[in-house]
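Peer 1: sequence? don't have it. structure:
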């Protein structure tokens with residue numbers, strides 16, 4: 001932002017843009033310039049059809065200054081294109097008539113004793129009367145006639161007349177924004193004449209020109225371009241931007257954000273905070289951040305909005321107590337996910353959790369549930385954090401993040417549950433793994449998650465066996481039977497064989513093998529090597545295998561091979 005109030009100089013083209021319409025970086029300016037170069041200016045009407053921002057960008061594309069009101073911008077473009085400037089007032093009719101050389105007899109002398117300014121004064125009086133009656137359309141026509149026919153450097157339209165007609169236009173919210181263009185012209189004329197503009201009247205016109213339609217229009221009238229032109233006129237008035245209120249700036253920023261002009265909205269928001277030391281409402285910050293997060297490619301802009309929020313005096317740890325603050329943090333959460341910045345996303349949620357005044361809910365819970373996009377971003381951020389913790393072997397961190405997901409009303413996927421439970425089991429934290437598994441089963445009963453697969457039960461059972469938690473082993477097996485209506489698969493049976501073999505229960509091991517065969521479950525090599533006691537010789541173990549496999553020579557041959565004999569010797573439980 002340059003030294004001129006509300007303007008920024010572009011280093012690439014030498015032009016200037018109003019702070020309310022300038023792109024944030026030179027790349028955006030170059031892109032807009034290339035678009036304007038495609039617009040061929042062939043006549044005056046093609047210039048008149050351009051909006052305020054298009055006029056500014058067209059001036060920048062042609063290396064012309066882009067500051068000033070609408071008429072000044074049009075004049076520069078017309079002059080550069082070699083077209084006549086129809087906006088310039090023509091010479092008064094009296095001056096034209098006085099230049100005619102009429103044939104008058106020498107002996108006759110004409111003496112005009114009438115008031116030479118009669119028509120001028122009559123039009124001024126008529127405009128004031130029409131404005132007092134609220135007839136703003138006819139009053140603005142009288143002003144246009146005055147400016148075109150009678151205004152000279154020595155004879156100007158009185159300030160009182162401008163204000164009277166402007167007040168008539170501003171009534172009833174610019175008459176539903178239908179009087180936006182006449183009001184803009186009056187403000188620009190007053191600014192050119194150096195007349196002071198009443199603060200309330202000027203701010204009211206800008207706010208009333210903004211609506212909820214496309215381009216911030218109201219039934220096709222007014223709009224953000226009209227409001228920006230008014231804003232530029234007030235900034236160039238004698239009192240300058242000091243007469244503009246924070247609410248007026250905020251309305252224009254929100255309108256720009258709704259129109260998709262995120263760069264321009266961010267530039268104006270920065271000017272509010274940095275140059276004017278304003279403290280905009282949280283809703284203003286939220287509008288810009290929300291528009292930037294929806295774009296998908298402007299995540300950095302969201303971070304700039306959060307930085308400006310802190311610079312304006314807000315604390316991220318407290319703004320979640322307001323609805324606009326929750327939405328702002330949600331936009332930051334979406335941007336963090338777009339940038340794959342897991343630490344930033346978790347930091348924003350931690351800040352939201354510290355906010356007071358959200359009871360009975362939590363601030364972080366409200367942020368995550370503020371929109372479907374925020375909920376998705378929060379889920380992905382937690383999932384990425386858990387994956388990182390599991391890769392690093394940090395089971396405590398993985399469990400903590402999983403618990404935070406539940407507190408923030410986020411539903412972990414089955415893969416997330418499995419990774420955390422497996423991480424605890426590998427760390428030989430059997431009690432924590434069992435507790436997580438039981439919580440998972442309860443959520444599946446409530447319809448909030450899918451049933452844990454058998455492989456997860458087997459992993460937890462194995463961890464319990466390694467840790468010597470026999471009671472937990474039985475509890476997990478009972479839960480598995482209740483959940484899947486089965487005693488388990490071959491892996492579950494092998495874990496049970498391992499436990500009995502450690503206890504020296506040879507008869508129990510043999511009973512399990514017999515039960516597997518009777519149920520149609522084929523024992524594998526691990527089953528037999530675990531069930532046969534270490535003291536049994538290899539030849540005797542072969543006879544035992546033949547006995548239990550009903551003479552299956554194929555299995556006996558496999559178990560009597562040199563590799564299997566070494567496996568039997570070295571892999572039996574001690």
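Peer 2: Done, it's in. Small disclaimer: the values here were computed from a predicted structure and weren't measured. Numbers count the residues shown, from 1 in each chain.

Peer 1: Identify the residues contacting residue 79.
Peer 2: Residue 79 makes contact with residue 85 under the criterion CB atoms under 8 Å, 6 or more residues apart in numbering. Where you see a C-beta, it was placed from the backbone N, CA and C, and this is true even at glycine.

Peer 1: can you count the residues close to the residue lying closest to residue 314 once chain neighbours are set aside?
Peer 2: Of all residues not flanking residue 314 in the chain, residue 282 sits nearest, at 6.9 Å (CB to CB, 6 or more residues apart in numbering). Residue 282 has 19 neighbours, counted by other CB atoms under 10 Å.

Peer 1: Tell me who's in contact with residue 282.
Peer 2: If a contact means CB under 8 Å, 6+ apart, then residue 282 has 309, 314, 319, 322, 324-325, 328 as its contacts.

Peer 1: make it 6 Å
Peer 2: Applying CB atoms under 6 Å, 6 or more residues apart in numbering to residue 282 gives the contacts 322, 324-325.

Peer 1: quick one: which of these has the most company?
Peer 2: residue 325 (26 neighbours).

Peer 1: what is the mean pLDDT for the host helix or strand of it?
Peer 2: Assigned by DSSP states H and E, residue 325 belongs to helix 323-338. Throughout helix 323-338, pLDDT has a mean value of 95.

Peer 1: Residues in contact with that helix: which ones?
Peer 2: Residues contacting helix 323-338 (CB under 6 Å, 6+ apart): 282-283, 285-286, 289-290, 293, 299, 302, 306, 319-320, 344-345, 348, 352, 366-367, 370, 373-374, 377-378, 380-381.

Peer 1: Report the distance from that helix to the chain centre.
Peer 2: Mean-position distance between helix 323-338 and its chain equals 6 Å (CA atoms, centre = their mean, to the nearest Å).

Peer 1: Between helix 323-338 and the helix or strand just after that helix, find me the angle.
Peer 2: Heading C-terminal from helix 323-338, the first helix or strand you meet, by DSSP H and E, is helix 342-353. Counting by axes from the mean of the first three to the mean of the last three CA atoms, to 10 degrees, helix 342-353 lies at 160 degrees to helix 323-338.

Peer 1: So which elements touch helix 342-353?
Peer 2: Applying 3 or more CB pairs under 6 Å, 6 or more residues apart in numbering; DSSP states H and E, one finds that helix 342-353 contacts helix 323-338, helix 363-368, helix 372-391.

Peer 1: Now do the buried residues in it.
Peer 2: By 16 or more other CB atoms under 10 Å, the buried positions in helix 342-353 come out as 342, 344-346, 348-349, 351-353.

Peer 1: As TSV, those with pLDDT would be great.
Peer 2: Shown next, in TSV, are the buried residues of helix 342-353 (pLDDT from 0 to 100):
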residue	pLDDT
342	95
344	95
345	95
346	95
348	95
349	95
351	94
352	93
353	92
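
Peer 1: So residue 257 is in contact with residue 288, correct?
Peer 2: Yes - counting by CB atoms under 6 Å, residue 288 is a contact partner of residue 257 at 4.9 Å.

Peer 1: Pull up the overlap in contacts between the two.
Peer 2: Shared contacts of residue 257 and residue 288, defined by CB under 6 Å, 6+ apart, comprise residue 265.

Peer 1: which residues of the stretch 101-250 of the chain score low on pLDDT?
Peer 2: The stretch 101-250 of the chain contains residues with pLDDT under 70 at 101-114.

Peer 1: how about 50 then?
Peer 2: Along the stretch 101-250 of the chain, segments meeting pLDDT under 50 span 101.

Peer 1: where exactly do the strands run in it?
Peer 2: Along the stretch 101-250 of the chain, counting by DSSP state E, counting those that start in this stretch, strands occupy 217-218, 221-222.

Peer 1: roughly how far is the last one from the heart of the chain?
Peer 2: For strand 221-222, the separation from the chain centroid amounts to 28 Å (computed by CA atoms, centre = their mean).

Peer 1: Tell me the strands beside it, with direction?
Peer 2: When pairing is defined by DSSP bridges, strand 221-222 lines up against strand 217-218 (antiparallel).

Peer 1: Check which helix or strand the residue most central in space within the chain maps to.
Peer 2: Closest to where the C-alpha atoms of the chain average out (CA atoms, centre = their mean) is residue 293, at 2.2 Å. Using DSSP H and E, residue 293 maps to helix 282-295.

Peer 1: Residues contacting stretch 409-425, please?
Peer 2: Applying CB under 6 Å, 6+ apart, the external contacts of stretch 409-425 come out as 365, 369, 378-379, 383, 386, 390, 395, 398, 402, 405, 432-433, 436-437, 440, 450, 456, 459-460, 463.

Peer 1: Now, of those, which are buried?
Peer 2: 365, 369, 378-379, 383, 386, 390, 395, 398, 402, 405, 432-433, 436-437, 440, 456, 459-460, 463.

Peer 1: can you give me the helices for the stretch 51-200 of the chain?
Peer 2: All helices of the stretch 51-200 of the chain, identified by DSSP state H, counting those that start in this stretch, fall at 52-61, 70-81, 93-98, 118-132, 136-149, 159-176, 180-193, 199-208.

Peer 1: mind checking how far the closest residue to residue 281 other than its chain neighbours is from residue 326?
Peer 2: Spatial nearest neighbour of residue 281, chain neighbours left out: residue 250 (6.0 Å); criterion: CB to CB, 6+ apart. According to CB to CB, to the nearest Å, residue 250 and residue 326 sit 19 Å apart.

Peer 1: Who has more neighbours out of the two?
Peer 2: residue 326 (27 against 21).

Peer 1: show me the contacts for residue 41.
Peer 2: If you count contacts by CB under 6 Å, 6+ apart, then residue 41 has 47, 81 around it.

Peer 1: which stretch of helix or strand covers it?
Peer 2: Per DSSP H and E: residue 41 is located in neither a helix nor a strand.

Peer 1: Residue 47 versus that one, what's the distance?
Peer 2: According to CB to CB, residue 41 and residue 47 sit 6 Å apart.

Peer 1: Can you give me the pLDDT of residue 368?
Peer 2: Looking at residue 368, its pLDDT reads 94.

Peer 1: brain fart, residue 463
Peer 2: On pLDDT, residue 463 comes in at 87.

Peer 1: so is it in a helix, a strand, or just coil?
Peer 2: At residue 463 the chain is in helix, as set by DSSP: H, G, I helix; E, B strand; the rest coil.
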